[in-house]
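In: Build me a model from this:
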Amino acid sequence: KMDITGFSDPYVKIYLLHNNVRLTKKKTHIKTRTLNPVFNETFVFDLPSSDGGLSFSHLEFVMLDWDRLTKNEVIGHLSMGGPHCSGAALAHWQEIQTSPGRQIAQWH
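Out: Got it, this is the predicted structure:
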């Protein structure tokens, strides 16, 4: 969503959930004055060693528009993993599960 200037200042919050409980939150840097951000950042999450590992975990990505004066607005979101995962997100999640320790990047 654009600001009055015609641009956005987007950033992404990433949540790791295990058994639907938020364990970790991370976020990207803010990309100022753009409608086409590229977030080429790496994040590492520590997964619970017991309780099913990735099979009971999923990631939530929430893109927000940073605003100095008002509440940051949600632009969009994506879930990877979990019971409702499908399409490209499911394929990416399956690749992550079969390639532990390997960096995997994909557009969504």
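
In: What is the helix-or-strand element of the chain with minimal mean pLDDT packed up against?
Out: Using mean pLDDT, DSSP states H and E, the weakest-scoring helix or strand in the chain turns out to be helix 87-98, at a mean of 85. For helix 87-98, the elements it packs on are strand 73-81, judged by 3 or more Cβ pairs under 8 Å, 6 or more residues apart in numbering; DSSP states H and E. For glycine as for every other residue, the C-beta is placed from the backbone atoms N, C-alpha and C.

In: strands paired with the strand it packs on, and their directions?
Out: strand 57-65 (antiparallel) (DSSP bridges).

In: List of residues touching the partner strand?
Out: The contact list for strand 57-65 (Cβ atoms under 8 Å, 6 or more residues apart in numbering) reads 1, 3, 8-18, 45, 47-48, 72-82, 85, 93, 108.

In: cool, and stretch 74-94?
Out: Taking Cβ under 8 Å, 6+ apart as the rule, stretch 74-94 contacts 1, 8, 10, 17, 54, 57-65, 96, 104, 106, 108.

In: Now the terminal residues of it, how far apart.
Out: The stretch stretch 74-94 measures 27 Å between its terminal residues, going by Cα to Cα, to the nearest Å.

In: What about residue 30, how many residues nearby?
Out: With neighbours defined by other Cβ atoms under 10 Å, the count for residue 30 comes to 16.

In: Give the bridge partners for the residue nearest to it when sequence neighbours are not counted, please.
Out: Nearest-residue entry for residue 30: residue 11, 4.4 Å, with adjacent residues in sequence omitted and distances by Cβ to Cβ, 6 or more residues apart in numbering. For residue 11, the beta-bridge partners are residue 64 (DSSP bridges).

In: Check the gap between residue 11 and residue 40 for me.
Out: Remark: distance between residue 11 and residue 40 (Cβ to Cβ, to the nearest Å) = 13 Å.

In: Good, we can wrap up now.
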